[in-house]
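*Asks:* Using only what follows, build the 3D model:
(one chain, ligands or ions: 2)
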Amino acid sequence: MTASYNKEFYLDLLQKMLKVNRFEESVKALYARGLIHGTLHLCVGEEASVVGSTAALKKDDYILTTHRGHGECIGKGVDVKPMMAEILGRASGTNGGIGGSMHICDKSCGVIGSNGIVGAGVPTACGAALSIRLKKIPDRVSVSFFGDGAANSGAVLESMNLAGAWKLPVIFILEDNHYAVSTPVERSAADPDFKKRGTAFGFLTCEADGNDVLEVYETVSRARAAVLEEGRPAFVILHTYRISGHSRSDQNVYRTEKEMQYWKDNGPIVRFRDFLLKEEIFSENELETIEAAAEREMKDVVSWALRQPYPEPDGMEERVYV
Ligand SMILES: Cc1ncc(C[n+]2csc(CCOP(=O)(O)OP(=O)(O)O)c2C)c(N)n1
Ligand SMILES: [Mg+2]
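*Replies:* Ligands and ions are numbered 1, 2, ... in the order given. Predicted structure coming up:
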């Protein structure tokens, strides 16, 4: 990390990473209290990847997120109050309380959808990219987030091929967090050097330390500019680590305490905090004030969301398409 931005920008990145982290920790606590139905996939440990990449996008850019998509939605600007209400199944949620954690959607911020089917958002992102091309919309890209496990699915590989053949304005962002459920990337990918796939399809291909928020921001910014200037897709690989369990429960038998501790000590927020102190951008006191404000804000969000009514059963079929 090097210091070459203004203070407001650093503050924005820090506040967003704290917001994502506190949101996820609050959701986890609500789940433990039995207040959330269905399942949950949290992104603690991946805050730099989700915030750095979405900070490089414009509000109108489309994004498609995965089953682990809360962070990207927050980064893209979805209001955390309706997001929290949605996860709690309340009527004022982003999707009227009937979508839940894996179906957050807010077209006003370009969040076309999240998806519980691994890899399924990727062809949809290509469809959105095609619409940008057909409608000749200037200065807009479509972004598809997916995991290291999803990277091996047929839908993803077919989408990458088609995007290359049709030169779609799409950025494929692979969040390599080491595991697909409990399977390490070395065992699921024939060759875990994912870069080779991007170059094979003729994409601008780059990778970044996914726990370095500035590096992620700069890499995705470069990819976005290249898609618009060169008229071909880009492929970004972010190397990060999932501190959260895979899903609502995880005994972590596939990884060691030592491994997890290493990544906690080198987590994105810890690293950015150290950088901000070292470069004297913020003092310890200022950082504590910012952290306390993030804590307070999320407490207010949770108490607001818990006061929201549940949807009426009468409207349940309104958004079901047959
Ligand atoms: C098509 C499909 N197969 C399997 C699952 C079950 N499943 C949910 S998450 C997941 C792992 C995905 O791993 P990865 O793409 O690396 O994303 P991560 O969970 O690490 O963010 C699997 C297999 C699913 N939801 N959809
Ligand atoms: Mg993964």
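*Asks:* Point to the residue nearest the middle of the protein.
*Replies:* Note on the chain: the residue nearest the mean C-alpha position is Glu72, at 3.1 Å, using CA atoms, centre = their mean.
*Asks:* Quick check: Glu295 touching Glu25?
*Replies:* No - the criterion here is CB atoms under 8 Å, and Glu295 misses it with Glu25 at 9.6 Å. From N, CA and C alone the C-beta is placed, and that goes for glycine too.
*Asks:* sorry, back to before: I'd assumed Asp61 was in contact with the residue nearest to the centre of the chain.
*Replies:* No - look at Glu72 against Asp61 with CB under 8 Å: they stay out of range, at 11.4 Å.
*Asks:* one step back: any idea which helix or strand comes after the one helix or strand the residue nearest to the centre of the chain maps to?
*Replies:* Using DSSP states H and E, Glu72 maps to helix 70-76. Using DSSP H and E, the next helix or strand after helix 70-76 towards the C-terminus is helix 80-87.
*Asks:* Show me what the very next helix or strand once past that next one is packed against.
*Replies:* Later in the chain than helix 80-87, the nearest helix or strand by DSSP H and E is strand 111-113. If contacts are counted by 3 or more CB pairs under 8 Å, 6 or more residues apart in numbering; DSSP states H and E, strand 111-113 sits against strand 62-64, helix 70-76, helix 121-134.
*Asks:* Could you tell me the angle between the helix or strand harbouring Leu30 and helix 80-87?
*Replies:* Here Leu30 sits within helix 7-32, counting by DSSP H and E. Angle between the axes of helix 7-32 and helix 80-87 is 20 degrees (criterion: axes from the mean of the first three to the mean of the last three CA atoms, to 10 degrees).
*Asks:* quick check, helix 7-32 touching ligand 1?
*Replies:* No - judged by CB under 6 Å from any ligand atom, helix 7-32 stays clear of ligand 1, getting no closer than 12.9 Å.
*Asks:* Break down the chain into its strands, ranges please.
*Replies:* Listed in chain order, the strands of the chain (DSSP state E) span residues 62-64, 111-113, 142-147, 170-176, 179-180, 183-184, 204-209, 234-239.
*Asks:* Go ahead and name everything in contact with the fifth one.
*Replies:* Identification of contacts with strand 179-180 by CB atoms under 8 Å, 6 or more residues apart in numbering yields 118, 147-150, 185, 188, 242, 246, 254-255.
*Asks:* can you rerun that using 6 Å?
*Replies:* Residues outside strand 179-180 that contact it (CB atoms under 6 Å, 6 or more residues apart in numbering): 149, 188.
*Asks:* Next up, phi/psi of Phe253, please.
*Replies:* Quick fix: residue 253 is Val, not Phe. Dihedral angles of Val253 (phi, psi; degrees, to the nearest 10) stand at phi -70, psi -10.
*Asks:* Got the confidence number for it?
*Replies:* In this model, Val253 is scored at 95, pLDDT.
*Asks:* next one: Pro313
*Replies:* pLDDT at Pro313 comes out at 87.
*Asks:* helices or strands next to the helix holding Leu30 in the packing?
*Replies:* When contacts are defined as 3 or more CB pairs under 6 Å, 6 or more residues apart in numbering; DSSP states H and E, helix 7-32 packs onto helix 47-55, helix 70-76, helix 284-306.
*Asks:* can you rerun that using 10 Å?
*Replies:* helix 47-55, helix 70-76, helix 80-87, helix 213-230, helix 268-278, helix 284-306 (3 or more CB pairs under 10 Å, 6 or more residues apart in numbering; DSSP states H and E).
*Asks:* give me every residue that touches Ala234.
*Replies:* Neighbour list for Ala234: 141, 143, 163, 169-173, 198, 203-206, 219-220, 222-228 [criterion: CB atoms under 10 Å, 6 or more residues apart in numbering].
*Asks:* repeat that for 6 Å
*Replies:* Contacts of Ala234 by CB under 6 Å, 6+ apart are 171, 203-204, 223, 226-227.
*Asks:* can you list these in a markdown table and add pLDDT and distance to ligand 2?
*Replies:* Below are the contacts of Ala234 laid out as a markdown table (pLDDT from 0 to 100; distance: CB to the ion, whole Å):
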| residue | pLDDT | distance to ligand 2 |
| --- | --- | --- |
| Ile171 | 98 | 18 |
| Phe203 | 97 | 20 |
| Leu204 | 97 | 23 |
| Ala223 | 98 | 20 |
| Ala226 | 97 | 25 |
| Val227 | 98 | 24 |
